[in-house]
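Q: How does the following fold in three dimensions:
(chains A and B)
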Amino acid sequence: MRIFTGVILLTLSTTSAFADCGTLNAPTDQQLSSKAYQLQYRMEPDGLAVSQDFSVLFEVCKSDGTAVEGTPSVDAYMPMHGHGMNYRAQVEKLGDGKFRATGFMFHMPGKWQFKFDINEPQGSEQLTADHMVK
Amino acid sequence: MSGPRQAVLVLLVCGMIGQVEAAGAEVLAFDEAERQLIESHGPWPPAPRHDPSNRVSGNPDAIELGRHLYFDAELSIDGSMSCATCHIPKTGLGDGLATGKGREQLSRNTPHLFNLAYSRWYGWGGGADSLWAQSIRPIMAPLEMAATPTHVVTRIKDQPLLSCLYQKTFGSPVAGHGEQEGLVNAAKSLAAFQETMVTGRTSFDAFRDALLAGDSNSADQYPVEAQRGLKLFVGKGQCSLCHFGPQFTNGEFGDVGIPHFHGKGVVDKGRYGGIQNLQKTPYSLAGPFSDDGTEKTARKTRHVTLQDRNWGEFKTPSLRNVAETAPYMHNGSLPTLDAVVRHYSEIDEARLHVDGEKILKPLHLSVQETGDLVAFLKSLSAPLVQPINEDMTAAECSPGHTNQRP
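A: Below you'll find the predicted structure:
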């Protein structure tokens, strides 16, 4: 599995190359990218805080601008602590490459890492993003 | 004593007092990271929280019914024990014993009941996801009150005051409800009463607020040894990572190297057993007795996942009023706060889960550091905002009488 550590861009994502996919592009949305995929996501409600339930709305587009076909999975992990969440997020497919993962709760302050696993017939990729939770 | 010697002694004593005052008048320097963590432990008290899964949460009539049920020994199958038998108001709402004593010796320490309105899970293993669900457990537990739904409903029906309060709270006599519903309603009233057990502001809270406001005149009232303990708590000790937030708990579970065997070959599954209970009990937020039509409160229950590391994990307790709740840990094996701090200071990593928390390391605290942490923990105590009214004689219930919050 190729692992890409994504760079979180806090600027507007450029979506012109993704005509069919890429409408999740609010200024505060987070963005990850690899050669094969472009992934945008946002937390609902906005922001992260310890012991708060939240969901993740995300969108995965292929490099040709079309929506990913399967349903990615999402989890979160504390690399320094050697454990993940006490909860398992469930991903709901919303269409047009969009998904909502519900059931997140970060139970400790510190560095948390989102892991988005994209599984398609041509291969699998994992995109990750780090967040400091205070 | 001769005059000069007396004078020297007086000077020495005055000098010592001067040193103590100087020490007490000191405010340590806290860096930005420390200040952020200190800020996260407040404000206190938090806004009142009513439980959406309990339609009588905050209802004065339910609180009064719950208060009477709490002290009613007839709620147990043989009239031998009430909630207050183990959760004794005068002993920190616990029993002061290492492990509880029901009909037989129990295997877990009796937890206190402070600030439960703000909890996420209930019980050492988190086998209940609401305060009303947790309130059912000891009523039905064979080694505790050993009651049945039939017994609880009959008791309420036959006791005039309970019967009247029940009807006022729920709008119809208990006989008009099914036995399961009657039991759950009794538990919801007990929960409404327990939600009133909120502790007041502590000397730590005053210090926190003064520190953040830059009010050094007020901040320096906080003993310097407690300040040093606080510095350890949010710094080197990393205690704040689990004992997080205004309640000094993240509300979740951890393995901290306390044995989970309580007899030859008898294991306390801890959180593992708690999740298993959540998955099978009808008394959960995901079950038919929750009053939360939005299902938001049930989200945690639906998403919690059973993992191997849950074996031997126990709830991270709140540290508010911790000095009033000895002995400590899920099995009451540590008699004092000093022993608890020394446990973490010399924690045996070989006893920890291989897939558990990686940041638990021996701190090797000095004697002074241990004393400082204990001083800080003792500064987290305050009496209940609303003292518990144990007077059952002044009770009244009539259609025209409205109960006030106790």
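
Q: drop to CA atoms for contacts and neighbour counts, all remaining ones
A: OK.

Q: Residue ranges in the chain under the pLDDT threshold?
A: Since you didn't name a chain, this refers to chain A. Counting by pLDDT under 70, chain A contains low-confidence residues at A:1-20.

Q: oops, chain B please
A: Judged by pLDDT under 70, chain B has its weakly predicted residues at B:1-24, B:394-395, B:398-406.

Q: Show me which residues of it are close to chain A?
A: Taking Cα under 8 Å from any Cα of the partner chain as the test, the list of chain B residues beside chain A reads B:241-242, B:244, B:250-252, B:299-300, B:303-305, B:355-359.

Q: Can you select the buried ones from the residues you listed in ChimeraX?
A: The ChimeraX command for the buried members of the residues of chain B next to chain A (criterion: 16 or more other Cα atoms under 10 Å in any protein chain shown) is given here:
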select /B:241,242,244,250,251,252,299,300,303,304,305,356,357,358
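
Q: would you list every one of the strands in the chain?
A: I went with chain A, as the question did not name one. Counting by DSSP state E, chain A has strands at residues A:2-5, A:30-33, A:37-44, A:53-62, A:73-78, A:83-84, A:90-95, A:98-105, A:110-120, A:123-133.

Q: other chain: chain B
A: According to DSSP E, the strands that chain B contains are B:253-254, B:314-315.

Q: The first one pairs with which strands?
A: Read it as strand B:253-254. As defined by DSSP bridges, the strand partners of strand B:253-254 come to strand B:314-315 (antiparallel).

Q: Could you check which residue of chain A lies nearest chain B?
A: Of chain A, the residue with the smallest distance to chain B, taken as Cα to the nearest Cα, is residue A:87 at 4.3 Å.

Q: For that residue, give the beta-bridge partners.
A: residue B:304.

Q: Identify the residues contacting it.
A: With contact taken as Cα atoms under 8 Å, 6 or more residues apart in numbering or on different chains, residue A:87 is in contact with A:103-105, B:300, B:303-305.

Q: and what of residue A:101?
A: When contacts are counted by Cα under 8 Å, 6+ apart, residue A:101 is found next to A:55-58, A:74, A:89-92.

Q: The same query, at a cut-off of 6 Å, please.
A: Going by Cα atoms under 6 Å, 6 or more residues apart in numbering or on different chains, residue A:101 touches A:55-56, A:89-91.

Q: repeat for residue A:93
A: Residue A:93 sits next to residue A:99 when contact means Cα under 6 Å, 6+ apart.

Q: Tell me the spacing between it and residue B:188.
A: Going from residue A:93 to residue B:188 by Cα to Cα, to the nearest Å gives 37 Å.

Q: Same question for residue A:121.
A: In this structure, residue A:121 lies at 52 Å from residue B:188, with Cα to Cα as the measure.

Q: Pick out whichever of the two has more residues nearby.
A: The neighbour count for residue A:121 versus residue B:188, taken as other Cα atoms under 10 Å in any protein chain shown, is higher for residue B:188 (29 against 7).

Q: Excluding residues flanking it in the chain, which one is nearest that one?
A: Spatially, and ignoring its direct neighbours in sequence, residue B:188 is nearest to residue B:132 (4.7 Å; Cα to Cα, 6 or more residues apart in numbering or on different chains).

Q: Residue B:191: neighbour count?
A: 30.

Q: Let me fix that, I meant to ask about residue B:221.
A: Other residues near residue B:221 number 17, with proximity taken as other Cα under 10 Å.

Q: Show the contacting residues for the residue of the stretch 51-200 of chain B found nearest chain A.
A: For the stretch 51-200 of chain B, the residue positioned closest to chain A under Cα to the nearest Cα is residue B:120, at a distance of 9.1 Å. In this structure, residue B:120 makes contact with residue B:251, judged by Cα under 6 Å, 6+ apart.

Q: distance of the closest residue to residue B:255 other than its chain neighbours from residue B:354?
A: Nearest non-adjacent residue to residue B:255, counting by Cα to Cα, 6+ apart: residue B:313, 4.4 Å away. Applying Cα to Cα, the value for residue B:313 to residue B:354 is 13 Å.

Q: Look at the two and report which has more neighbours.
A: Between residue B:313 and residue B:354, residue B:313 has the larger neighbour count (other Cα under 10 Å), namely 29 against 11.

Q: which residue sits closest to residue B:372 in space, ignoring its chain neighbours?
A: The spatially closest residue to residue B:372, leaving aside those adjacent along the chain, is residue B:229, at 4.3 Å (Cα to Cα, 6+ apart).

Q: Quick one: residues contacting that neighbour.
A: Taking Cα under 6 Å, 6+ apart as the definition, contacts of residue B:229 comprise B:372-373, B:376.
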